[in-house]
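>>> Model the following, please.
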Amino acid sequence: MKAIAINDFGGPEQLQLVERPMPPITDDQVLVAVHVAAVNPIDWRIRKGQMKQFVPYEFPAIMGREVSGVVAKVGAAVRGFAVGDAVFGFLQQQLLHWGGYADYVPVEAAKLAHKPEGLSFEQAAALPVAGHTAWQGLFEVAQLKPGEVVLITGAAGGVGSLAVQLACDAGATVIASAGPANHAFVRSLGASLVVDYRAPDFAATVAAQFPAGVDVIFATFAGMSLQGCAPLVHTGTRIVLLSPEATDKDMHIGPVTSQILIARADGAQLEKIAQLAVQGRLRPQIGAVLPLEQAARAHDMSESHHTRGKILLRVAPDDAA
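Okay, here's the model as predicted:
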């Protein structure tokens, strides 16, 4: 099978199109024939070696942690999935070796969800990592409640755009941070106030409309300090960070200690998120769809932090979907 793999850590040039044998599956796994693989910021951070203390790996390592496709083979202990089922999911591999940038990938059945007919393979591939991250950060870690005020940074990205929609759907008031070029887009997702976090008057702009501060800060962009949020934080504010490498400075904002979210794969939860999308309450945002062979370009785009929505790699041809 064809795959995009790395044999060492480094720049985008490490991403090589290679031929690899078909991956084996265990009794609790299914083999997925990949139609679309998604690109996430953690992918290029893994490629650079920034996550090697957190993500075990074995070279050659096929990249990719999020796919949609069709079940090609089922493990002996798997129930609820059959060959030919359209599925999608967050792989969350214990060992980075067989990844989603490939024709086939083994996935634990419990991490998969059935793809609803109302979602395309592209839309489905854009949901798992961002959907799990936004859902678990807002509702499990931050315990966001209707009527509360939440500040979401990186609101135009894959995670941020879903977080804005989920928070609005839950009855919260959303303040969103995004670059000026994306302000209209983020407003269209339901945000009540859109600001540029990098602006010197950021906190004053927010405080003018929300003098009591914010109840939740959901920081989706690991490369940005949160110290500018300190005037908006009160003793009841909950702060959720996505980076396991957060500095001590960002772990303590005003009187609050931040919480770090490591999203987990959960097929049952993904089914619920997919139903919100089918009902029109959640719109997966797709920034670009590139052929698998352009994985290096996709990583460059993701690392620029200037894309809107999810970057996808098409593995199977259009007519396969």
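>>> And the helices in this protein?
Assignment of helices within the chain using DSSP state H yields the ranges 41-48, 121-125, 128-135, 158-169, 183-188, 202-209, 248-251, 267-278, 295-303.
>>> Find the nearest non-adjacent residue to Ala191, please.
Sequence neighbours aside, Ala176 is the residue nearest to Ala191 in space, at 3.9 Å (criterion: C-beta to C-beta, 6 or more residues apart in numbering). Just so you know, the C-beta spots here come from the backbone N, C-alpha and C atoms, and that holds for glycine as well.
>>> ok, now which ones touch that neighbour?
The neighbours of Ala176, taking C-beta atoms under 8 Å, 6 or more residues apart in numbering as the test, are 151-152, 155, 160, 164, 186, 189, 191, 193-195.
>>> Can you name the residues bridging to it?
Beta-bridge partners of Ala176, counted by DSSP bridges, are Ile152, Val194.
>>> okay if I get the helices of the chain as CSV plus distance to Lys310 and mean neighbour count?
Supplementary listing: these in CSV, determined by distance: least, C-beta to C-beta, whole Å; neighbours: other C-beta atoms under 10 Å:
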stretch, distance to Lys310, mean neighbour count
helix 41-48, 11, 22
helix 121-125, 8, 25
helix 128-135, 7, 27
helix 158-169, 4, 26
helix 183-188, 14, 16
helix 202-209, 26, 15
helix 248-251, 25, 13
helix 267-278, 13, 18
helix 295-303, 9, 21
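>>> could those helices be laid out in JSON lines, adding mean pLDDT and distance to Val141?
Below are the helices of the chain laid out as JSON lines (pLDDT from 0 to 100; distance: least, C-beta to C-beta, whole Å):
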{"stretch": "helix 41-48", "mean pLDDT": "94", "distance to Val141": "18"}
{"stretch": "helix 121-125", "mean pLDDT": "97", "distance to Val141": "25"}
{"stretch": "helix 128-135", "mean pLDDT": "97", "distance to Val141": "10"}
{"stretch": "helix 158-169", "mean pLDDT": "96", "distance to Val141": "12"}
{"stretch": "helix 183-188", "mean pLDDT": "96", "distance to Val141": "22"}
{"stretch": "helix 202-209", "mean pLDDT": "94", "distance to Val141": "22"}
{"stretch": "helix 248-251", "mean pLDDT": "74", "distance to Val141": "14"}
{"stretch": "helix 267-278", "mean pLDDT": "97", "distance to Val141": "14"}
{"stretch": "helix 295-303", "mean pLDDT": "96", "distance to Val141": "24"}
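>>> Could you dump the ones you listed into TSV with distance to Gly69 added?
Listed next are the helices of the chain as TSV, based on distance: least, C-beta to C-beta, whole Å:
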stretch	distance to Gly69
helix 41-48	18
helix 121-125	7
helix 128-135	12
helix 158-169	19
helix 183-188	29
helix 202-209	42
helix 248-251	37
helix 267-278	14
helix 295-303	17
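>>> Isn't Phe121 up against Gly69?
Yes. Applying C-beta atoms under 8 Å, one finds Phe121 in contact with Gly69, separated by 7.2 Å.
>>> hey, what's in contact with both of these two?
35-36, 86, 88.
>>> In these, find the pair that's most separated.
In the shared contacts of Phe121 and Gly69, two members sit farther apart than any others by C-beta to C-beta. They are Val36 and Ala86, at 11.3 Å.
>>> Looking at the two, which one has more neighbours?
Val36 (27 against 18; other C-beta atoms under 10 Å).
>>> Look up how far Pro317 lies from that one.
Separation of Val36 from Pro317 (C-beta to C-beta, to the nearest Å): 11 Å.
>>> Could you do Gly100 as well?
Separation of Gly100 from Pro317 (C-beta to C-beta): 17 Å.
>>> more crowded one of the two?
Summary of the neighbour comparison: Gly100 and Pro317, criterion other C-beta under 10 Å, with Gly100 having more neighbours (31 against 9).
>>> Can you pull out the low-pLDDT segments for the stretch 51-200 of the chain?
When residues are selected by pLDDT under 70, none of them lie in the stretch 51-200 of the chain.
>>> out of the helices of the chain, nearest to Arg79?
Minimum separation from Arg79 across these (C-beta to C-beta) falls at helix 267-278, 12.0 Å.
>>> how many other residues sit next to Pro211?
Applying other C-beta under 10 Å, I find that Pro211 has 8 neighbouring residues.
>>> got a pLDDT number for it?
Pro211 is assigned a predicted lDDT (pLDDT) of 97.
>>> Is Ala296 in contact with Gly10, as I believe?
No. The pair Ala296 and Gly10 does not pass the contact test of C-beta under 8 Å, sitting 11.3 Å apart.
>>> Who wins on neighbours among the contacts of Ala176?
Most crowded among the contacts of Ala176, counting by other C-beta under 10 Å, is Ile152 at 34 neighbours.
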